[in-house]
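**Q** Any chance you can model this:
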Amino acid sequence: MMNSRLGSYVIFDKVKPIWWFASRDKCSSDVMKEYPQMNWQMELWVEMEAENEIRGKRYAADISSIREAQQRINSFIHKTPVLTSETLNSLAGRGLFFKCECFQKGGAFKFRGACNAVYSLDDEQAAKGVVTHSSGNHAAALSLAAKLRGIPAYIVIPKNAPKCKVENVIRYGGQVVWSEATMQSREDTATMLLQETGAVLLHPYNDGRIISGQGTISLELLEQAPQIDTIIVPISGGGLISGVALAAKSINPAIRVLAAEPRGANDAAQSKNAGRIITLPETNTIADGLRASLGDLTWAVVRDLVDDIIVVEDEEIIKAMKLCYEILKVAVEPSGAIGLAAVLSDNFKKTPAWENCKNVGIVLSGGNVDLGVLWDSLGK
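**A** This is a model prediction of the structure:
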């Protein structure tokens, strides 16, 4: 419990009623030595204080909505494993913990947010179905979530989407409507569908329900590997990293959250540097899942809570994919491998600010890889 007037913690002894006022700097070291049974309460109070600070900023999601999402979707999702590799630890010069969302239903983390959004709708809203526009993973995830609830899903997909991701949408029962590759075409087509069907629009990332669902990754990861001091997350539209950052920094305010972004689609890095949303006229990267632009809801979180953005080259992403295949024995798409690419990059290794990142969580965000593109990239 925080005594805001005195700027101190108020601690209750479980054995006898002691009120102990201690300075915030000394509380964990002095008081905990004499009252070790209070450790669990201190952790709770730290989380509550961090939560209150984040709540004060009024983001689209918070630790409460993320915990509610976990309860809502827990029976539908997979609790994905965390893998480690001494070989990759040696290459990185630090401990790496891979959160394997490539094993999630639908093949990517997107099912968490889509499932939370679909099951947040009341029956009247859900009856007419849902609409979204997506290059693939959110499309498949929403199709699957809608199928589980027994409602239609109308999916706007750009014509340049990977074939494997389009096939997933069809497999899960989504009704595909094609658009041009531009964001404007995607949004215009989705608007037309909304008018025709009366369905509910569920944005791929700029939606509090989506962000809350993605944040459940942090709840699992920090339970599975509590020693993590840094999390590296792919960034595109920002739904994943927003949820991860909001949850992780509520649980552990000292944790670092870093984004990984391809140079050919580095709008988030440019936005962070400029202090405002930058939209690129075009993108050029093998990471097809990282070509979207930040939304206003996700930008607020990225601006305030993401500590830095690591930009990597496509060649580094491809090398990281190969390492995932050869060492972890895990199939990941380019977007999913970028976190490993970032931690192995010279940019990361030579930045003094990150020297003390000793235990790094890496979100392998998806495994829906278009093998034709992969083999072409490897020159085969």
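
**Q** Hmm, Gln224 is touching Val82, no?
**A** Yes: counting by C-beta atoms under 8 Å, Gln224 does reach Val82; the two are 4.6 Å apart. To be clear about C-beta, it is placed using only N, CA and C from the backbone, and glycine gets the same treatment.

**Q** anything in contact with each of the two?
**A** Phe97, Lys99 (C-beta atoms under 8 Å, 6 or more residues apart in numbering).

**Q** Of those two, which one has the most company?
**A** A side-by-side neighbour count of Gln224 and Val82, using other C-beta atoms under 10 Å, places Val82 first with 18 against 15.

**Q** Return the residues in contact with Gly174.
**A** Ala139, Ala140, Leu142, Ser143, Ala146, Ala153, Tyr154, Ile155.

**Q** Identify the residues contacting Lys165.
**A** Going by C-beta under 8 Å, 6+ apart, the list of residues near Lys165 reads Ser135, Gly136, Asn137, Ala139, Ala140, Asn368, Asp370.

**Q** contacting residues for the residue lying closest to the fifth one once chain neighbours are set aside?
**A** Just to be clear, that refers to Ala140. Counting by C-beta to C-beta, 6 or more residues apart in numbering, Asn168 is the residue found nearest to Ala140 once chain neighbours are left out, at 3.7 Å. Applying C-beta under 8 Å, 6+ apart, we find Asn168 in contact with Gly106, Gly107, Gly136, Ala139, Ala140, Ser143, Asn368.

**Q** In TSV: the contacts of Lys165, plus distance to Ile309, pLDDT and neighbour count.
**A** Shown next, in TSV, are the contacts of Lys165 (distance: C-beta to C-beta, whole Å; pLDDT from 0 to 100; neighbours: other C-beta atoms under 10 Å):
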residue	distance to Ile309	pLDDT	neighbour count
Ser135	20	70	23
Gly136	23	75	30
Asn137	21	88	32
Ala139	26	91	29
Ala140	27	92	32
Asn368	24	88	24
Asp370	25	71	20
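
**Q** Next, give me the two most distant ones among the contacts of Gly174.
**A** Maximum pairwise distance in the contacts of Gly174, criterion C-beta to C-beta, is 13.8 Å, between Ala140 and Tyr154.

**Q** thinking again about what came up before, Produce a ChimeraX select command limited to the buried residues of the contacts of Gly174.
**A** The ChimeraX selection below is limited to those of the contacts of Gly174 classed as buried (16 or more other C-beta atoms under 10 Å):
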select :139,140,142,143,146,153,154,155
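
**Q** Out of the contacts of Gly174, which sit inside strands?
**A** Residues of those located in strands (DSSP state E): Ala153, Tyr154, Ile155.

**Q** Please compare the residues you listed by their distance to Phe98 and name the closest.
**A** For the ones in strands among the contacts of Gly174, the nearest to Phe98 is Ile155 (29.3 Å; C-beta to C-beta).

**Q** who does the closest one bridge with?
**A** Thr132, Val176 (DSSP bridges).

**Q** Tell me how far it lies from Gly174.
**A** 4 Å (C-beta to C-beta, to the nearest Å).

**Q** Quickly list what's touching both of those two.
**A** Ala139, Leu142, Ser143.

**Q** JSON lines for those, including distance to Glu315?
**A** Listed next are these as JSON lines, based on distance: C-beta to C-beta, whole Å:
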{"residue": "Ala139", "distance to Glu315": "28"}
{"residue": "Leu142", "distance to Glu315": "32"}
{"residue": "Ser143", "distance to Glu315": "33"}
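
**Q** closest to Ser242 among these?
**A** For the shared contacts of Ile155 and Gly174, the nearest to Ser242 is Leu142 (18.0 Å; C-beta to C-beta).

**Q** got the contact list for the closest one?
**A** Residues in contact with Leu142, defined by C-beta under 8 Å, 6+ apart, are Lys110, Ala114, Ala117, Val118, Val130, Thr132, Ser134, Ala153, Ile155, Gly174, Leu202.

**Q** Any regions of the stretch 101-250 of the chain where pLDDT drops low?
**A** Applying pLDDT under 70 to the stretch 101-250 of the chain flags no residue at all.

**Q** Which parts of it are helices?
**A** Ranges of helices within the stretch 101-250 of the chain are 110-120, 123-127, 137-149, 163-171, 183-197, 208-224, 239-251, based on DSSP state H, counting those that start in this stretch.

**Q** Format the contacts of Leu142 as JSON lines; extra columns: distance to Ala248.
**A** Listed next are those as JSON lines, based on distance: C-beta to C-beta, whole Å:
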{"residue": "Lys110", "distance to Ala248": "19"}
{"residue": "Ala114", "distance to Ala248": "21"}
{"residue": "Ala117", "distance to Ala248": "21"}
{"residue": "Val118", "distance to Ala248": "25"}
{"residue": "Val130", "distance to Ala248": "28"}
{"residue": "Thr132", "distance to Ala248": "26"}
{"residue": "Ser134", "distance to Ala248": "25"}
{"residue": "Ala153", "distance to Ala248": "30"}
{"residue": "Ile155", "distance to Ala248": "30"}
{"residue": "Gly174", "distance to Ala248": "31"}
{"residue": "Leu202", "distance to Ala248": "24"}
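
**Q** nearest to Asp188, of those residues?
**A** Out of the contacts of Leu142, the member with the shortest distance to Asp188 (by C-beta to C-beta) is Thr132, at 13.9 Å.

**Q** Touching, that closest one and Pro204? I think so.
**A** Yes: the pair Thr132 and Pro204 passes the contact test of C-beta under 8 Å, sitting 6.0 Å apart.

**Q** which one among the contacts of Gly174 gets closest to Gln214?
**A** Using C-beta to C-beta, the contacts of Gly174 come closest to Gln214 at Leu142, 13.4 Å.

**Q** Next, work out how far apart the residue nearest to the closest one when sequence neighbours are not counted and Thr191 are.
**A** Leaving aside its chain neighbours, Leu142 sits nearest to Ala114 (4.3 Å; criterion: C-beta to C-beta, 6+ apart). Look at Ala114 and Thr191: by C-beta to C-beta, they are 20 Å apart.
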